[in-house]
Structure formats: structure tokens, C-alpha cells
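**Student:** sequence first, then the predicted structure:
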Amino acid sequence: MKDSIKVCIRLRPPSAMEQANGDEVVVHQLRENTLSVTTGEGKPNLECAYGAVLGSECGQEDVFKAVVGTVEGVADGINGCIFTYGQTGAGKTYTMLGSGVGKHDGVTARSVKMLFEHLKKNSAASAEGGDEARFSVHCSFLQIYNERLHDLLAGGGEGNSSGLNIREHKNRRSGKPEVFVSGLSEYRVTSLDDVLTLIDAGSKSRALRSTDMNDVSSRSHAVLQLSVEAESVGEDFSVLKRAKLNLVDLAGSEKMNTKANITRGHKNELTNINSSLSTLGNVMAALGDKSRTHVPYRDSKLTRLLQDSLGGNTKTTVICCVSPCSSAVDETTSTLKFADRARRVMLHVRTNEVVDDKILLARAQSEIARLRTLLKMYMGQSGGGVGGGIDVAGSPTKIPVGGGGVGAAGLAVEDLVQENARLMEQNRMLKMALKREGVNGNNVGGDAAGGQPSNQSTYRTKKRLPNVGSKVGGMNDIYSTKVPGAFSSATKKKNGKGGVGGGQQQQQSDSENEGDLAQLRRDLAGKRKKVKKGRGGGGGKGDKLGVELMKVSEEHSGAVEEHDRIRQEREELERQLAKMMAAQEEEENEGSAFENDGDEGDEDYGSDEDFEDDDGEEKKQNDNLGSGKKNKKIVLTTIDLSPSKVGGGGAAGQAAVNISPVVRSPSPIFVKEILRENMNLVQQQQQQQQKQQQALVLNGPPSGGKKGTAPRRRMRQKKAAKEAKDSVPIGASQIKDSTLQNNKSVEDLAVNLTFSMADLGSRIAVYSFRYDAYYASTIVGFDHRRGMHCVLYDDGGESGIDGRQWYDLSTKKIRKVVEVVADLTGGRGKKRRGKKKKGAGGGYMKSQTANDGGAIKSGLGGVDSRMVATAKII
Ligand SMILES: Nc1ncnc2c1ncn2[C@@H]1O[C@H](COP(=O)(O)OP(=O)(O)OP(=O)(O)O)[C@@H](O)[C@H]1O
């Protein structure tokens, strides 16, 4: 869904200072979405329209109404971002957070309230429908101060750390890069009160200073982020929706007052704020200008962090706050210019949902059906459609109507794919038959003579040499198109006049069909070219149709190619089989030439009755077998390729290849079973490899006869262990706590260990787990769903707040979790190095996996009963 950034302008009432100075009001709301600015002497007055204009008299509720659209979608998986922009003292913080810390009736509190209401409503609706619904919300709060990122919930404010880093990782599903802050703590919140507690705590750490316009001016950009996950699980589906809501209070722009005696620190702040706001403006300008290809997101931390919200998959609203007074008119004009740039930016918003595979499959199937219908319509329009079958090639009416058409090109994609599966299975059976008879069925195309016919093999005599294809129910058309029947050559050779005649006729129709098929292919190629050409032209319904046709047509041509390959393989197999039969026959004829009465060669094999009436013949044959005599004459008929006959028989126990008048296709269930079997085999192989690897680590590599010296053996073992360790893929667990098993879900842990983190759908490969006397728990592990390392922690219900941090170390291998530290007592910006001494520090806990030696950070300044845990993963 395409949408532009919504821009609202909010005029605050004149401040006490402005009133005292006798400032004139020069900005007025004209209509719902327009305002006018009297800019002063010599400058043109402005009249501008925006998404909404909120006059001085508008309250917080009115403002929220204007931005509610951004919040509404979050519970349904649509990212949202609301940020305030404007001069210092223009009312940004008031708009976002309300009047002063503690009174949270601004956009933030209202948005959070609405978000929880929506999530609960959705849950209740799902529950009413009999489905299970769960949601989780995690909250983080950071500030960008002097181009450094600080976790406002980690304590210590600007001084709490040297600054966090912005990283990028690829979304596993969409494949698109996503920006995140590495090591930023997130707390699980279940109500508005939880969020307000965090805002209160974080706001205490925010950088503030008094400016000319504002006694309590925010000198940093603050970003409150809520990560929402809502899952609904039904009997046969599961949908997980994820979205982020960013609520941003930007630092205010401020004119450099050269006369005022400002400190170096203040100057530095000012430069950084103005520079990042100017980059924000440049980014907006670049995004709004289609001719520009480069967007300078990386020019500031702010734009990099908001990258997704500005030009990506996020519904964004900007509230530009302005003073209505004449003394601020230049700043107001500049803010309105920014607003103008912002409203030109187009966004591509979509629902972020992870759907269960079953649903995806169903969707894909319905899409294919839709495309197929489209194709039919298209072909019908172009005059190429034929009868019941879908004629992709759009060939003239030579093609027989319905029932599969002449050749591969006359079949629908689905039919072809099914046909291919059938043929493949038959080829497999043929290979088995060949193998049983001594020819290496795998060596298709090789020298058939390599596999001598077995003397033990016996073939039943038949009256007729039917073409394989001609008798195959459901696949005859395809097959007869190109494959004259491997056995028809034997027929010709063996059958004398009558046989030859039949063979010629068959050949003739084959070549005719070949011609048809070639024509169909040419037509198809021509059609594709046309479609491609049309696509290049751009625009229009026809183009869309063309593109979709292309898709189906490509799908079709893939199936045709596959079909050709399988068919060639089939021909080769049959050639080998026929060759082998001929050799066998010759051999037997040589051995008992006089036994051959020669009469049967003159028989008329044209009648179906003859073909079917083989009971008596079979009995005779069996009698021959029983008497141990060789067959007088070996004539091969159709081989029963049905799995029940061939698959289960086994070469040794079967006296002959079973003969049956009809080639049965393997049932779809059978194919499924094969696939399942293959998957099982692969899994078994993988398990075996894992076992071998483990055995290698435990016992060292097999000695292979040479025992070697003990040191060498040890070295070998060490090397093998190292290799095994190195080969551990990311996310594979190195479990350190024997009480836990790999890949426990967080929910499992919650049940067993009262760990209240309900990170929906996550499966965490646990490297380390700690549950201590303070009832606090910490997990360090790998989150498979996110493809990131994580530290999850819980203070055991003391404050009801859980937390988590994600680390993007996906390119690195996990060696060791060095340390997990939690501090329940608080303390500002503590930094610890080295080993924690026994007994020191109440509430300090260390993971069993701790190995020290690495930097440890802990502490949450000013916030009691909350825990911080950081792991260093090297
Ligand atoms: N619409 C409003 N109605 C009433 N008071 C307002 C309004 N907007 C702002 N104020 C008051 O104006 C003062 C400055 O507002 P605020 O701190 O929100 O400005 P700001 O844009 O965030 O400034 P800075 O960028 O310096 O942080 C505050 O005392 C606030 O209460």
C-alpha cells in the first residue's frame, strides 16, 4: 500500500514570555488543513495546506485524533512512527509526552493506551472465534545526544556507556535489511502503566538544558519504541503479526546566538542538533525527489535510526510544532519548509505477518489457480485456446480437443507436472527392472551390453507387442507423441510383415505429432517474445496480464523441459531393455533353435482380445518354468510398473518381470511416501553425521590401524574437537547448564522456571541460563526466529518488567559466553572488569558460564528493582 507521510502542524498558544514581549500573532489557522503566515516586511506571506492544522486552541485529544491512523494499524502488523519537529520551545515534548513528566496525556500515552486496547480486542475476537490469541509488547527508550546513542533504560543517561551502535540485519523472511540498535535493552510491558514507569525512569536520564525559548529544553532526540507481536493460532493456521511503533521527540532547532555567552558543551550540542535536523531535511528532500537515487541516511544517527520510518515500510506522521508569534517567524517558516518536504515523501506500507506454511501453501495454490484462469482467458482472447486443454502455445486447431492434447505443449502446467512425476516414477521402475535383469539402470545412456541378461531370468510369451504408450491410461497422448515405444522396434524386428506395418503407421503419426509439438513450441516462443515486448512498453492492464502470462508460460516451459528430459531418459532405458531382450532372445534362440516352431511370428497381433487373453499362455509358461525348460520364444509385453508389483518384489524372488496389460501410475500417495522417505533418509543421514561428529569430539578420530603416540592422539583429538566446534553453525547451542536442553522455547522455560518472558514463537538455543536466589533469571542464547543472539532477563516479578537485548553477531561464531551479570540493587553506570570477588555486592549475580576476562557492564541508574544483564559473546 502506497501512502505519503502525514504532516500535521500544531500551533501552540503564545508563551508567557512572548506575551510579555508583546509579540504579534502572525500564524493563523485558516481552515481544517490550511494556515497563513504573515512573514513580515519585504517577504511574501504564506498560505499552506497540510494533512491537518491544529490551532492554538486545540487540545491533546484533537492532536491525537489527527495522528490516530498511524497507531491503529500497529496491532495489525503495520509499523508506525510519529515524531515531532520544530524550534526549541515550540511544544514538541508537550505534544508527545504531555505537560511535564508525570502527566502523560500526550500522543505517547494515548497511543500506548490505544495499542493495548486494540491488542486486547483482537485477542478477544480471536478467542471468541475459538482461536488462541496471544500478544507481547516490548519497550525500549533511547536518546541520541551529540551523535551518540544511549539506552535511557540502562541507567546513567548520557554517561551510561560510550554509546550503542546501529546495525543492520537482513529480515529472514523478506530478505530486506532492517536497522536495529545492538545491545539496546527492551522491557516487556503489559499495560500503559508499565510504559509510563519506563518513560519516567528514562526521562530522568534525558539530556536537558535551558534555552532562550525553553527553561527545560530537551537537548537530545528521544525515541520510545514499542515492538508488538500478536499471534493467533487456529486449528489449521497460525499467523504472527509484528510491528514497531516509534514515538519520537526530536530536540528543538535553535539559532546560534553569537552574542550570548554559551558554553562549549552547549555549542557542541547545538551544532549536533542542527546538523542532524538538517540531515533529516535532506533525507526528506531526497525521498521526495524521484530523480534522486541517493538518500543520505548515514549522514546522521537520527536518520539512520529512522531509516525504515522515513522511506520504508512504516506509516509515518510528523507533527510540526510552531510558535504563532512574530519573533519566531523565521524558525516557523523553516519548520514549514521541512513540513512541505516531508509531505512529498511516499511510503510503501505493508502488513508484517508471518504466516504458517499451510496458509502460504493455500495462498500459493489459489494464486496458481488464478493465474491459470487468467491464462485461459488470455488464450481464449488470442484465439489460440483449444477445447478442454489449455493450449499455452496457442496452436491452431490441429490439437485434439480435451483429454490432454497432442503433446506436452497441449497440457496445462499442473497436468504436465503430474505427468512428469508419473513418468519419473515409471523410469525408476524401469531402472529397477533393468537392474534386476543385470543392466545398470542408473547408467542410462551407457552401453547396455554392460549388463548381460541373466540366465535365470525368464520372460513370458505374449501374443502381442503393444506400444507402451498406446496402452497407458491417462498418459497415452504425451507418451505417443514422441516415444514410438521402445518395444515397437522389437515388434518390427520380431513381428514380420504385420508388425512392420503397424510400426510404420506409428512412426508416421509420431513424426506428425513431433511436427505439431515443434510448431507449438515455436508459437509459444513467439508469444513470449510478444509478451516481453508488451512488458517493455509499460503500463496498462494488458501488461499485467502479459506479465502473469509470462509467469505461467515460464512455469510451463520449465515443466516441458523437464518432461523432455524424463522422456529421453525413458527412451534410453527402454532402448537398453530392448537391447537386452534382443540379446537374451538371440542367446536362447541359439541354444534351442530347433525348439522354435516359427509359427508365432506369423500371428496377427493386432487384436486386443489376443492381447488380453493370456491366462492359458501364462499357465503354459509357468509349466515351462516348473519343468525347468527354457522358453521357446521370448516376446516382451508391457511391464507392470505399479509399485505393488515391482517395488516390493525384489529381484531374487521374482521369476520374471511381471506382465500386465496396463501400466499403472504410482498413486500420489505413493509419491508422497517416497518424498517422505527421502526426507527421513536425509534426516537420518544428518543425525548420523552429528553422531559421528560427537563421537569424534569424545573419542578423537578413528585410529585407522595406526595407533600413534598418546601426544599425537591427543593432538588429533584436540584438532578434531576444534574442527567440530568451528563447524557448529550459528545458533547451534553450546549448552552450559546441564539442566537445560537445547532449543527449549522460552515458554518452556517459563513453565518450569517461572520465567515470565512470553516472547511469542521464539525458540532460543540457550548458551547460558541462570536462576538465582533472588528469583531473577537470565538467559543468553540464540533466537532462531530473529537470527540474533539475545540476553533475556526477568527480575522475578519484583517490578513485573522483563527485558531483553538483541545482538547482531550473525556473522560471527559463538565461542563462549563470557559473563552474564545482573544488578538488582541499581547503581549508576557501574563498570566492572575482571572476576567478581566472592561475596561482594548484594544482588550481584554471575552466570555459571562466566569465564571473566571480559568487560562487564551493569547497573541501572536510579531505577530500583530492575535488572540489567549483558553478556559478552566472543
Ligand atoms: N499546546 C500547548 N499548550 C499549552 N502549553 C504548551 C503547548 N505547547 C507547549 N507548551 C508549553 O511550552 C513550553 C515548551 O514546550 P516544550 O517543552 O514541549 O517545547 P519543545 O518543543 O519540546 O522544546 P525543546 O525542543 O526545547 O525541548 C512548555 O512549558 C509547555 O508546557
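**Tutor:** Now that the structure is in, tell me what you want to look at. Nothing here was measured: the structure is a model prediction, and the numbers come from that model.

**Student:** how about the helices in the stretch 251-400 of the chain?
**Tutor:** 264-288, 301-305, 307-311, 329-342, 357-382 (DSSP state H, counting those that start in this stretch).

**Student:** which one of those lies closest to Pro177?
**Tutor:** Among these, helix 307-311 comes nearest to Pro177, with 9.0 Å by C-beta to C-beta. In short, each C-beta sits where N, CA and C put it, glycine included.

**Student:** so for that closest one, mean pLDDT?
**Tutor:** Taken as a whole, helix 307-311 has an average pLDDT of 83.

**Student:** show me what it is packed against.
**Tutor:** Helix 307-311 sits against strand 177-182, helix 264-288, with contacts defined as 3 or more C-beta pairs under 8 Å, 6 or more residues apart in numbering; DSSP states H and E.

**Student:** kindly reformat those as TSV containing mean pLDDT, distance to the ligand and mean neighbour count.
**Tutor:** Output for the helices and strands packed on helix 307-311, formatted as TSV (pLDDT from 0 to 100; distance: least, C-beta to the nearest ligand atom, whole Å; neighbours: other C-beta atoms under 10 Å):
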stretch	mean pLDDT	distance to the ligand	mean neighbour count
strand 177-182	82	22	18
helix 264-288	87	9	19
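
**Student:** quick one: stretch 18-31 near the ligand?
**Tutor:** No: against the ligand, stretch 18-31 shows no contacts by C-beta under 6 Å from any ligand atom, the least distance being 10.2 Å.

**Student:** in that stretch, what's buried?
**Tutor:** 18, 23, 25-29 (16 or more other C-beta atoms under 10 Å).

**Student:** so which of the residues you listed are in helices?
**Tutor:** Residues of these located in helices (DSSP state H): Glu18.

**Student:** and of the buried residues of stretch 18-31, the nearest to the ligand?
**Tutor:** Glu18 (10.2 Å; C-beta to the nearest ligand atom).

**Student:** so the closest one makes contact with Ser327?
**Tutor:** Yes: taking contacts as C-beta atoms under 8 Å, Glu18 lies within contact range of Ser327: 6.5 Å.

**Student:** tell me the angle the helix or strand containing Leu245 makes with strand 177-182.
**Tutor:** Leu245 is located in strand 238-249, with elements delineated by DSSP states H and E. Here strand 238-249 runs at an angle of 60 degrees relative to strand 177-182 (axes from the mean of the first three to the mean of the last three C-alpha atoms, to 10 degrees).

**Student:** what about strand 238-249, near the ligand?
**Tutor:** No: using C-beta under 6 Å from any ligand atom, strand 238-249 stays clear of the ligand, with a minimum separation of 6.7 Å.

**Student:** cool, and stretch 191-207?
**Tutor:** No: using C-beta under 6 Å from any ligand atom, stretch 191-207 stays clear of the ligand, with a minimum separation of 9.6 Å.

**Student:** buried residues in that stretch, which are they?
**Tutor:** 192, 194-199, 201-203, 205-207.

**Student:** what's the closest non-adjacent residue to Glu47?
**Tutor:** Ser36 (4.8 Å; C-beta to C-beta, 6 or more residues apart in numbering).

**Student:** who touches Lys113 in this structure?
**Tutor:** With contacts defined as C-beta atoms under 8 Å, 6 or more residues apart in numbering, Lys113 is in contact with Leu192.

**Student:** how close does it get to the ligand?
**Tutor:** Lys113 sits 20 Å away from the ligand, going by C-beta to the nearest ligand atom, to the nearest Å.

**Student:** so Gly130 is in which element?
**Tutor:** Per DSSP H and E, there is no helix or strand for Gly130.

**Student:** hang on, I meant Glu229
**Tutor:** Assigned by DSSP H and E, Glu229 belongs to strand 221-233.

**Student:** packing partners of that strand?
**Tutor:** Judged by 3+ C-beta pairs under 8 Å, 6+ apart, the packing partners of strand 221-233 are helix 107-128, strand 132-145, helix 192-203, strand 238-249.

**Student:** could I get the ones you listed in CSV, plus columns for mean pLDDT?
**Tutor:** CSV is the format used below for the helices and strands packed on strand 221-233 (pLDDT from 0 to 100):
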stretch, mean pLDDT
helix 107-128, 89
strand 132-145, 86
helix 192-203, 86
strand 238-249, 88
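
**Student:** confidence score at the residue lying closest to Val417 once chain neighbours are set aside?
**Tutor:** Excluding its sequence neighbours, the residue lying closest to Val417 (C-beta to C-beta, 6+ apart) is Ala559, at 5.3 Å. Looking at Ala559, its pLDDT is 72.

**Student:** what about Ala559, how many neighbours?
**Tutor:** Ala559 has 22 neighbours, counted by other C-beta atoms under 10 Å.

**Student:** near the ligand, which residues of the chain?
**Tutor:** 12-13, 15, 86, 88-94, 99, 211, 214, 217-218, 251-252, 321.

**Student:** select only the buried ones of the residues you listed in PyMOL?
**Tutor:** The PyMOL command for the buried members of those (criterion: 16+ other C-beta under 10 Å) is given here:
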select buried, resi 12+13+15+86+88+89+90+91+92+93+94+211+214+217+218+251+252+321
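
**Student:** okay, and which of the residues of the chain next to the ligand map to strands?
**Tutor:** Of these, the ones assigned to strands by DSSP state E are 86, 217-218, 321.

**Student:** start to end distance for stretch 97-108?
**Tutor:** End-to-end span of stretch 97-108 (C-alpha to C-alpha, to the nearest Å): 6 Å.

**Student:** leaving out the residues flanking it, which one is nearest to Cys86?
**Tutor:** That one is not Cys; residue 86 is Gly. Per C-beta to C-beta, 6+ apart, closest to Gly86 is Cys321, 3.7 Å.

**Student:** the closest residue to Val37 other than its chain neighbours: neighbour count?
**Tutor:** Nearest residue to Val37, sequence neighbours excluded (C-beta to C-beta, 6+ apart): Leu46, at 4.2 Å. Per other C-beta under 10 Å, the neighbour tally for Leu46 reads 17.

**Student:** over to Cys48?
**Tutor:** Neighbour tally, Cys48, other C-beta under 10 Å: 18.

**Student:** what is the least confident helix or strand in this structure?
**Tutor:** Lowest mean confidence among the helices and strands of the chain (mean pLDDT, DSSP states H and E): strand 855-857, at a mean of 26.

**Student:** so what are the domain limits for the chain?
**Tutor:** Following automatic domain parsing, one finds the domains of the chain at 2-355, 368-666, 669-726, 746-873.

**Student:** returning to that earlier point: the residue nearest to Val417 sits in which helix or strand?
**Tutor:** Ala559 belongs to helix 541-591 when elements are defined using DSSP H and E.

**Student:** hang on, the earlier thing: quick one: strands adjacent to the strand holding Glu229?
**Tutor:** strand 132-145 (antiparallel), strand 238-249 (antiparallel) (DSSP bridges).

**Student:** point me to the residue of the stretch 1-150 of the chain nearest the ligand.
**Tutor:** For the stretch 1-150 of the chain, C-beta to the nearest ligand atom, closest residue to the ligand: Gly91, 2.7 Å.

**Student:** average model confidence for stretch 325-334?
**Tutor:** Averaging pLDDT along stretch 325-334 yields 90.

**Student:** identify each buried residue in it, please.
**Tutor:** With burial defined by 16+ other C-beta under 10 Å, the residues of stretch 325-334 counted as buried are 325-329, 331-334.

**Student:** same deal with stretch 65-77?
**Tutor:** Buried, per 16+ other C-beta under 10 Å, within stretch 65-77: 66-67, 70-77.

**Student:** list the contacts for Ser4?
**Tutor:** 343-347.

**Student:** can you pull the contacts of Lys2?
**Tutor:** 346-349.

**Student:** please narrow these to those residing in strands.
**Tutor:** Using DSSP E, the subset of those located in strands is 346-348.
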